[in-house]
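Q: Sequence and computational prediction follow.
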Amino acid sequence: MKVQMNTKLRSALLASATLAGLVAAPAVVHAQAAGAGVDVGEIVVTGSRIRRDTFDAPQPISVVSAQAIREAGQVNVGDILRELPSINSNTNGQNSSSTLFLAGQTRADIRGLGATRTLVLMDGRRLPFSDASSPAVDLNTIPSLMIERVETVPGGVSAVYGSEAISGVVNFIMKKEQNGLEVDLQGGLTGEGDGAQTRAGFNWGKKFADDKLNVMIGGEYSNVDKIMQKDRDWAYPGIRRDTRVTPQPILDPTSRSNTAPTATFQLLGGALGTAKAVTLDYRNPSQLVALSPACSTPTVQPDCQDPALFYSAVYNALQGKVNRGILRGYADYKITEHWKVFVDAQYTKVNGYGIFQPAFSSAAGGGTMPVSLKGDNAYLAGPTATDAALRAAWLGAGKAFTSTSTAQVGKFWQEFGGRDVKTEREQERVTGGFQGLFQTFDRDVHVDGYVQYSNLNGTTISYGVPNIARVQQATDAVLLNGQVVCRDAGARAAGCTPWNLIDGPSVEAINWTNATSTTDQKVTQTVAGLNFDTQLINLPAGPLGVAFGFEYRKETSHFHQDPLGASGALFFNAIGDRGGEYDVKEFYGEARIPILKDLPFAKELTAELAYRGSDYSTIHGTDQYRLHLEYAPVKDIRFRATQSTAVRAPNIVELFSPQSRNFTTAALDPCDKDVFRGASASQQAARRITCAAAISGWNSATFASNIGTGRPSLALLQGGNPNLGPEKAHTYQYGVVIQPRWVPGLNLSVDFFKYNLQDAIGTVPINTLFQNLCYDSPDAYASNPFCKQIERDPTGASTGIIGGVVQATLINQNVAKTKVEGWDYSASYSFHTEDLVKQDFGDIALRLDATWEYQFATQGLPGQAYTQFANTINNATPQWKANGTVRWTYDKIAVTWQTLYIGSMISNNALLPTQLDPYMTGDYFKHDLKVSYKFNDQIILRGGVLNLFDEHPPALPETFAGTGTGSSTYDNAGRFFYVGVNMEF
């Protein structure tokens, strides 16, 4: 027989529907019906597979309703979830445009532990990864208009759902029925007239064959336009710290760049020993201008403001461009009253556009593509006034017109355009299965099974990534037999066209040096599951509920880069090909054991147990468990406690990636004279031995390394490790829920959470490798395996410095630990105004959700001290984050006021408060106003203003730039207006 919804559940759902804003609901949750129109039991909530006769979740759960998604004003559900207090900023529309392969993606990150440790589900089934370069789920692949609700459970569910659920799960419950046609349209624009967002979608559904066959089809298309930093007065040209003084104040505006879109020439170290630089004025490239002392050093000084130079922030994006199209179809057929079969199919195409500054050569030399102008360059002897002016400056610096007299060139190679990346991803997913009920031993047994297959194909095209060798060959132009040619004979034979660095290149020179790089990727996932649940026996306090099941999953991933890009020949990351596969067989079981019920001071006492065993083809066996206890002394208050373990199996990228090239500017060479001088006595004693062993003729007072602050970046070889083990975690949650009968509509909850993550997969921090593990280590240099990961230049041929660092090799290892602690708070209250003032002014719903995450400490290597990242902008982990909602509904109108609060954070935890001014970001508030009007039963109009008071990110360099994690924490777009309409026919 069908189970009628009890009064308590119905009231909870009504209250949630009344709220309908962006809310978390750790005390009251929606019920997830197991199947539309089929009698398959009572209630299932995310976090457990056991049906239960109460809507109380086994642990805190946050809910975002379909109505909230429509009224949010944003076209991407990921941006909506990002404002939940338990979810941190990760890859999203504000920072993914500055990534090589993730442009347009939005990812969920519970507690800041990373998107790879947050499991994303759809109807309780895991979704496939959306990318082969960095496995995680792109929330853009979920059709937002077909979502019934989103349930987020932080922590404690890995025993139920498996790997990747260390920090928790996000479960998208999808619509499965539609009566007729629904059309939804929305558009919006910032107050500056840019950053347009549009979405158009439909849902259509109907029942056939005496209501046995249920069919639903839906689709949507959305587009988000870019926002550039130069188009915001508050953001452009940017600010920086004055590193010359302590504490470091803010300089507004930031310094200008001597890496110019024209060219800057470093006329250093000539016969006169002068330090001098000149630039081609970016406003008038034919004008040669001598730079001031602040701008003439290879790395400009903080107060460099010569008008002939420009601000490089002109290239930065505050919001990327992305568009997506999704089609989804769902159908189920009721075979009998208790059995049905279903199929769920979806096609998704997402196009993202990465926005990068052009390729560049540093005025300091070194780096990826160093370019120098030689004294016998043919164009230096050219006929133009600009050529003559540069010759005069050349002589004034004491330089000769010979090939051995050179000047480093600082230049953004704007002639190639921006290094923009077009990313295309197509994904198909098909799920087929059944749900039903049968009886055995006079017990109802619910069963469901499914098979799911998904396939992702993706491509990227990276434009404006020049051939490094060709640029260096083309710019080295000489006069031969009266003709200007490339000096290198081999390059001439290959068609080299000389590049005029002074007066500008020809189209032929640009075409000969320019290049593109492409990648292709394919990701597949096959999942099969079979689940049972029943009430095994009746105990004095109620039935013993059990659930158990089996799952099989196979993941494959392949990534291919074009041969030229993979070779390292281009101004692009040489990644190469990588791929692999694994499968896993799993068994899980749950039990819900009622111990006491309806006794004095024991309204309910219930224990829950869960276990999952897994057998991976890569890491072999893993075990996970969960212990949960609920105690309600009276009806109005409920205590809950959960202790669980979790694992995350290494993914294909972490296991099988070949070594590829990357770069860092953070590395410090312990053997460098300045670094050595700042070391402790014990460190200096160790380095006198290790540095002398590493560098021939090393002198602690004179050796100047090629890497370090203000110097060229260090090349890294990074890659996978097939010998990785699983990440492991212990999680703890203790809380209380209060729902007083004497205050109807009031719900309060407080929950403590704690995560202890160990064997976290990562690479050894670069300076830990250099210092702790190699040069400060008591181990002999020659036999130390970590020292072998640092390659030095014994002759100076590669770096220009004998003993310089060529590259460092870093591979994935199970090395790190992380400790996270904090509290979740939630309060909601809804009431009819008529109950208070005896006159109907509508209904009011109030809600406040907050997270206090006071610890996020990471240990990079065993035995090291923990580094605290909680409340730091560089880890995007605010100590306090809260979301408050006030909603008023009256007749046909609904008005919602929503406030997001992010507490003041440390701008840089690597420095002391006495070293930065200001040191804290300051509190941040963003206010949204949303209005909806029900025109009639078929049409609902909506509109609103997001970021009503146009609140900008904190004015600190750590958050002010257009790229990076910091800018993804705050709203970059500014005030945003939107309107929409929902129509049903």
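A: Thanks, I have the structure now.
Q: Now residue 821. Nearest residue, chain neighbours left out?
A: Setting aside the residues directly before and after it, residue 821 is nearest to residue 855 in space (C-beta to C-beta, 6 or more residues apart in numbering), at 4.1 Å. From N, CA and C alone the C-beta is placed, and that goes for glycine too.
Q: swap in residue 868?
A: With C-beta to C-beta, 6+ apart, the residue lying closest to residue 868 is residue 857, at 5.1 Å.
Q: On the pLDDT front, check that neighbour for me.
A: Residue 857 is assigned a predicted lDDT (pLDDT) of 93.
Q: again with residue 269
A: According to the prediction, residue 269 has pLDDT 48.
Q: Going forward, count from 46.
A: Fine by me, first position is 46 from now on; the one you just mentioned is residue 314.
Q: distance between stretch 235-249 and the chain's centre?
A: Its chain's average C-alpha position is 23 Å from that of stretch 235-249, according to C-alpha atoms, centre = their mean, to the nearest Å.
Q: That stretch: which residues count as buried?
A: By neighbour count, and taking 16 or more other C-beta atoms under 10 Å as the criterion, the buried residues in stretch 235-249 are 235, 239-240, 242-249.
Q: how about residue 204, phi and psi?
A: With angles defined as degrees, to the nearest 10, residue 204 shows backbone torsions of phi -70, psi -20.
Q: That one contacts residue 692, correct?
A: No: look at residue 204 against residue 692 with C-beta atoms under 8 Å: they stay out of range, at 9.7 Å.
Q: where's residue 527 relative to residue 197, distance?
A: 73 Å (C-beta to C-beta, to the nearest Å).
Q: Point me to the helix or strand that includes the residue nearest to residue 913.
A: Assigned by DSSP states H and E, residue 902 belongs to strand 888-904.
Q: so what does that strand touch, helix or strand wise?
A: Packed against strand 888-904, as judged by 3 or more C-beta pairs under 8 Å, 6 or more residues apart in numbering; DSSP states H and E, are the following elements: helix 52-64, strand 858-877, strand 912-913, strand 925-935.
Q: In a markdown table, list these along with mean neighbour count, mean pLDDT and distance to residue 1017.
A: Putting the helices and strands packed on strand 888-904 into a markdown table (neighbours: other C-beta atoms under 10 Å; pLDDT from 0 to 100; distance: least, C-beta to C-beta, whole Å) gives the following:
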| stretch | mean neighbour count | mean pLDDT | distance to residue 1017 |
| --- | --- | --- | --- |
| helix 52-64 | 17 | 36 | 28 |
| strand 858-877 | 20 | 93 | 26 |
| strand 912-913 | 16 | 88 | 27 |
| strand 925-935 | 19 | 96 | 18 |
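Q: can you put the ones you listed in JSON lines and add distance to residue 556?
A: Output for the helices and strands packed on strand 888-904, formatted as JSON lines (distance: least, C-beta to C-beta, whole Å):
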{"stretch": "helix 52-64", "distance to residue 556": "60"}
{"stretch": "strand 858-877", "distance to residue 556": "44"}
{"stretch": "strand 912-913", "distance to residue 556": "49"}
{"stretch": "strand 925-935", "distance to residue 556": "51"}
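Q: Please name whichever of those is nearest to residue 137.
A: Comparison of these against residue 137 by C-beta to C-beta identifies strand 925-935 as nearest, at 15.6 Å.
Q: Can you list the strands that that closest one pairs with?
A: strand 888-904 (antiparallel), strand 938-947 (antiparallel) (DSSP bridges).
Q: Reformat those strands as a markdown table; add distance to residue 167 and mean neighbour count.
A: Formatted as a markdown table, the entries for the strands paired with strand 925-935 read as follows, by distance: least, C-beta to C-beta, whole Å; neighbours: other C-beta atoms under 10 Å:
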| stretch | distance to residue 167 | mean neighbour count |
| --- | --- | --- |
| strand 888-904 | 24 | 20 |
| strand 938-947 | 26 | 20 |
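Q: With distance to residue 454 as new columns, can those be given to me in JSON lines?
A: JSON lines is the format used below for these (distance: least, C-beta to C-beta, whole Å):
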{"stretch": "strand 888-904", "distance to residue 454": "40"}
{"stretch": "strand 938-947", "distance to residue 454": "43"}
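Q: Look at residue 527 and residue 197 and report which has more neighbours.
A: The residue with the greater number of neighbours, taking residue 527 and residue 197 and applying other C-beta atoms under 10 Å, is residue 197; the counts read 24 against 5.
Q: if we can go back for a sec, mind listing the shared neighbours of residue 204 and residue 692?
A: Shared contacts of residue 204 and residue 692, defined by C-beta atoms under 8 Å, 6 or more residues apart in numbering, comprise residue 669.
Q: What segments of the stretch 446-595 of the chain are strands?
A: Ranges of strands in the stretch 446-595 of the chain, per DSSP state E, counting those that start in this stretch, are 451-457, 466-485, 488-507, 522-525, 528-531, 562-584, 587-606.
Q: Alpha carbons of the third one, as CSV, please.
A: Extracted C-alpha coordinates of strand 488-507, given in CSV (Å, rounded to 0.1, in the frame of the first residue of the first chain):
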residue,chain,number,x,y,z
ARG,A,488,8.7,-8.4,5.2
ASP,A,489,8.6,-5.8,2.5
VAL,A,490,12.0,-5.6,0.7
HIS,A,491,12.7,-2.6,-1.5
VAL,A,492,15.1,-3.1,-4.3
ASP,A,493,16.6,-1.0,-7.0
GLY,A,494,19.3,-1.6,-9.6
TYR,A,495,20.8,0.4,-12.3
VAL,A,496,23.6,0.5,-14.9
GLN,A,497,25.0,3.9,-15.9
TYR,A,498,27.4,4.7,-18.7
SER,A,499,28.9,8.1,-19.5
ASN,A,500,31.3,9.3,-22.1
LEU,A,501,33.2,12.7,-22.3
ASN,A,502,35.0,14.0,-25.3
GLY,A,503,36.9,17.3,-25.0
THR,A,504,39.2,19.4,-27.0
THR,A,505,41.2,22.6,-26.3
ILE,A,506,42.8,25.0,-28.8
SER,A,507,45.4,27.3,-27.3
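Q: ok and it relative to strand 587-606, angle-wise?
A: For strand 488-507 against strand 587-606, the angle by axes from the mean of the first three to the mean of the last three C-alpha atoms, to 10 degrees is 20 degrees.
Q: Mind checking the pLDDT average for strand 488-507?
A: Averaging pLDDT along strand 488-507 yields 96.
Q: Quickly run through the sheet partners of it, with directions.
A: strand 466-485 (antiparallel), strand 562-584 (antiparallel).
Q: Figure out how far it is from the centre of its chain.
A: Relative to its chain's centre, strand 488-507 lies at 23 Å (C-alpha atoms, centre = their mean).
Q: Name the residues of that strand that come out as buried.
A: 489-495, 497-503, 505, 507.
Q: partner residues bridging residue 799?
A: In this entry, residue 799 is beta-bridged to residue 777, residue 866, by DSSP bridges.
Q: need the contact list for it.
A: Counting by C-beta under 8 Å, 6+ apart, residue 799 touches 776-778, 864-866.
Q: ok, these vs residue 676, which is closest?
A: Top of the list for closeness to residue 676, among the contacts of residue 799 and by C-beta to C-beta, is residue 778 at 14.3 Å.
Q: how close does the closest one get to residue 684?
A: Using C-beta to C-beta, one gets 12 Å for the distance from residue 778 to residue 684.
Q: Compare those two (neighbour count), which wins?
A: Each of residue 778 and residue 684 has its neighbours counted (other C-beta under 10 Å); residue 778 has more, 22 against 14.
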